[in-house]
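>>> what's the 3D shape of this:
(one chain, ligands or ions: 2)
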Amino acid sequence: MRIAELGQAIGQAVEIEGWVVGLRKSGGIRFLALRDGSGRVQAVAREADLPQDVWERTAECGQETSVRVTGTCRADARAPGGVEVDLRGIEIVGVSSDYPIQPKEHGVDFLLDNRHLWLRADRQSAILRVRHVFMHAVREWLDREGFIGADTPILTPSACEGTTTLFETTYFEQKAYLSQSGQLYNEALAMALGKVYCFAPAFRAERSKTRRHLIEFWMVEPEMAFCDLDGCLQTVERLLSSALQEIARRCPDELRLLGRDPSEVQKVQPPFPRISYDEALKILDEEGLGIPWGEDFGAPHEAAISKRFELPVFVHRYPTQAKAFYMKPDPDRPEVVLSADLLAPEGYGEIVGGGQRIDDYDLLLQRLQEHDLPVQDYEWYLDLRRYGSVPHSGFGLGIERTLAWVLRLEHVREAIPFPRMLYRLRP
Ligand code: 4AD
Ligand code: MG
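Ligands and ions are numbered 1, 2, ... in the order given. Prediction:
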């Protein structure tokens, strides 16, 4: 029986398969803390009640020994989960001694070197449970709204998000790159299916060593035909809010363990505030962080802007020069694009980027040339503007950045099982 289900087995004989988190001895009683991935429970062994061999075996359980424990489940109001198990038998499945991660403070480099073991810690497995629920809830919402999950390639011949962060690889005799974003392919799929999304890893060879940058991260990217910037932003806020409500409902214990009150997560409801890039510059001026018009924000700027809001805030209409080649200029003000970034509260920075795409053939061709991109590689993408072009929009939501905010993580590296960072490819 899984530990999470023990509450339904009060008074019954149970068998638990799991790992020993710790062993505490107190005279003729031994307390074994057990975990099995679903939860934690304490098994209590009493010398007076047990055959000698069983009693002796309970002392052989070093941290992370894997065991099969049998016993009787008993309600205990003081215990986490409300139950304890009176141990009757124990089988050692796999021994463990000198486990490297001790119940004390370790440096983060040591923990990252031992990421394959660190994952077993309460905090880390709680993060991964929330990650799972979040990703599942995102897919469920998109499915309910009529989006088709369509997968985009990881090996690509050309850039989506600028040529400076491309991961180069070889594709037999040709050069290829790992995908930075499925967006361009998503646009083709949206012309076929109307509303689509891809949910995949993205790769950015960014020489940034910040608490918000991963080299490999996961992104969900919805793309919608016949949709403008406003429709796009409404989709962002409804999707994010709905997935967060699901986390609050299904993971209240994990949230509390990580220092986030579930009610704070529930409060993230649309509409999110919207400000223009120009309004954001005014805030930055007031905060003594002014930048010249046209420049993109860095982490301190995003933190200063988001500090003014309780909810995530959309910053829209960025300067055309600061943004990707495919973004549609505002017809009323071509020096800005119909794009928006969603900035998370509490200084966690940009978690979503998106907007309306150029739907005009001539303008798209001009932009490709201005950005020095090899037009022949984008002929297929130009076809989407040759054959029945429509206004369309979409966005990318970064899973780890969003989780880092919701779970109050110090660094995005904890929001993915095996982080890939500037100086870390192992384990
Ligand atoms: O703003 P970005 O670069 O947008 C795109 O890739 C678009 N093509 C998406 C689209 O419109 N379909 O990335 C989107 C999001 C960011 O807001 C951030 O959450 C996340 O992806 N992200 C990263 N997360 C972790 N580490 C990095 N290095 C990231 N770069 C982007
Ligand atoms: Mg962005």
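>>> chain center to stretch 54-72, what's the gap?
Stretch 54-72 has its average C-alpha position 36 Å from the chain's average C-alpha position, going by CA atoms, centre = their mean, to the nearest Å.
>>> next one: stretch 241-255
Offset of stretch 241-255 from its chain centre (CA atoms, centre = their mean): 14 Å.
>>> name the residues of that stretch that are buried.
Within stretch 241-255, the residues that count as buried by 16 or more other CB atoms under 10 Å are 241-248, 250-251, 254-255. Bear in mind the C-beta positions are built from the backbone N, C-alpha and C, glycine included.
>>> please apply the same query to stretch 76-84.
Neighbour-count burial for stretch 76-84 [16+ other CB under 10 Å]: 76, 79, 83-84.
>>> rewinding a little: the buried residues of stretch 241-255 in helices, which ones?
Using DSSP state H, the subset of these located in helices is 241-248, 250, 254-255.
>>> just the helices in the stretch 201-350 of the chain please.
Taking DSSP state H, counting those that start in this stretch as the test, the helices found in the stretch 201-350 of the chain are 229-250, 252-257, 262-266, 277-286, 299-306.
>>> could you dump those helices into JSON lines with distance to ligand 1 and mean pLDDT added?
Formatted as JSON lines, the helices of the stretch 201-350 of the chain follow (distance: least, CB to the nearest ligand atom, whole Å; pLDDT from 0 to 100):
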{"stretch": "helix 229-250", "distance to ligand 1": "9", "mean pLDDT": "98"}
{"stretch": "helix 252-257", "distance to ligand 1": "20", "mean pLDDT": "96"}
{"stretch": "helix 262-266", "distance to ligand 1": "18", "mean pLDDT": "98"}
{"stretch": "helix 277-286", "distance to ligand 1": "15", "mean pLDDT": "98"}
{"stretch": "helix 299-306", "distance to ligand 1": "11", "mean pLDDT": "96"}
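>>> would you mind measuring the gap between the ends of stretch 136-156?
One end of stretch 136-156 to the other measures 27 Å (CA to CA, to the nearest Å).
>>> with only the CA atoms kept, save stretch 321-336 in CSV.
Output for stretch 321-336, consisting of C-alpha atoms alone and laid out as CSV, is shown next (Å, rounded to 0.1, in the frame of the first residue of the first chain):
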residue,chain,number,x,y,z
GLN,A,321,14.1,46.9,-32.3
ALA,A,322,14.3,45.0,-29.0
LYS,A,323,12.2,42.0,-30.1
ALA,A,324,12.2,39.0,-32.5
PHE,A,325,11.8,39.3,-36.3
TYR,A,326,8.3,37.8,-36.4
MET,A,327,6.5,40.3,-34.2
LYS,A,328,3.8,42.4,-35.7
PRO,A,329,4.2,46.1,-35.5
ASP,A,330,1.3,48.1,-34.0
PRO,A,331,-0.5,49.6,-37.0
ASP,A,332,-0.9,52.9,-35.0
ARG,A,333,2.8,53.0,-33.9
PRO,A,334,5.1,50.9,-36.0
GLU,A,335,8.0,51.5,-33.7
VAL,A,336,6.5,49.2,-31.1
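>>> about what we covered before: please flag which of the buried residues of stretch 76-84 sit within strands.
83-84 (DSSP state E).
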